[in-house]
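# Quick one: sequence and predicted model below, then my questions.
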Amino acid sequence: MAAKRIEENITVKATNRKALRDYEIESRIEAGIALLGSEIKSIREGRVNIRDAYATVEGGEAYLYGMHIASYPQASHFGHEPERKRKLLLHRDEIKTIAGKIQEKGYTLVPLKVYIKNGWAKVELGLARGKRKHDKRREIARREAEREMDRAARRRR
């Protein structure tokens, strides 16, 4: 029997560009998010912010803190708290490896993207190490050099 190939329908709702600037991402992990009904409706509308969010492991479970999901106006008094902690849906083995890495000095777990994949809300987490000031300067210098080379190549044509 041939394996079914499911077309992945992904719609990115929020990105964390600040994390890519401030951290060096070593690995990426996809996790589901346990949400309330009004939260998923707000995410589908794109009313989510992950700029100051981070994830931790507590008691064998992973949680996401600081993710702001704007309240859904049609939910009236049945709405949700915009910045509550949200449980991340990961396999037990993934949680154990993440917990081991986070306890190492300098590692943290930051959300990079929130997206809808095949109807489910997902978050892409990055196992990251903070960049030092001289690392950021080196990155800027490298980008500037690449831009200068591109300009020179365009002038030759």
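Arrived safely, thanks for sending. Residues are numbered from 1 along each chain as shown.

# quick one: pLDDT of the nearest residue to residue 32 once chain neighbours are set aside?
Nearest non-adjacent residue to residue 32, counting by C-beta to C-beta, 6 or more residues apart in numbering: residue 89, 3.4 Å away. (Each C-beta comes from the backbone N, C-alpha and C, glycine too.) Looking at residue 89, its pLDDT reads 95.

# burial of residue 89, as a residue count?
16 (other C-beta atoms under 10 Å).

# 433 is where my numbering starts, stick with that
Sounds good: first residue 433 from here, last item residue 521.

# List the residues that contact it.
When contacts are counted by C-beta atoms under 8 Å, 6 or more residues apart in numbering, residue 521 touches 463-466.

# Now it: phi and psi?
With angles defined as degrees, to the nearest 10, residue 521 sits at phi -100, psi 100.

# one step back: in strands only, show me the contacts of residue 521.
Judged by DSSP state E, those include 463-465 as members of strands.

# Quick check: residue 532 vs residue 514, distance?
Distance, residue 532 to residue 514, by C-beta to C-beta, to the nearest Å: 32 Å.

# Could you check which of the two has the larger neighbour count?
residue 514 (15 against 11).

# Assess the claim that the more buried one and residue 500 are in contact.
Yes - look at residue 514 against residue 500 with C-beta atoms under 8 Å: they come within range, at 5.4 Å.

# what's the burial count for the closest residue in space to residue 473 that isn't next to it in sequence?
Among residues not flanking residue 473 along the chain, residue 504 sits closest, at 4.9 Å (C-beta to C-beta, 6+ apart). Other residues lying near residue 504 total 21 when counted by other C-beta under 10 Å.
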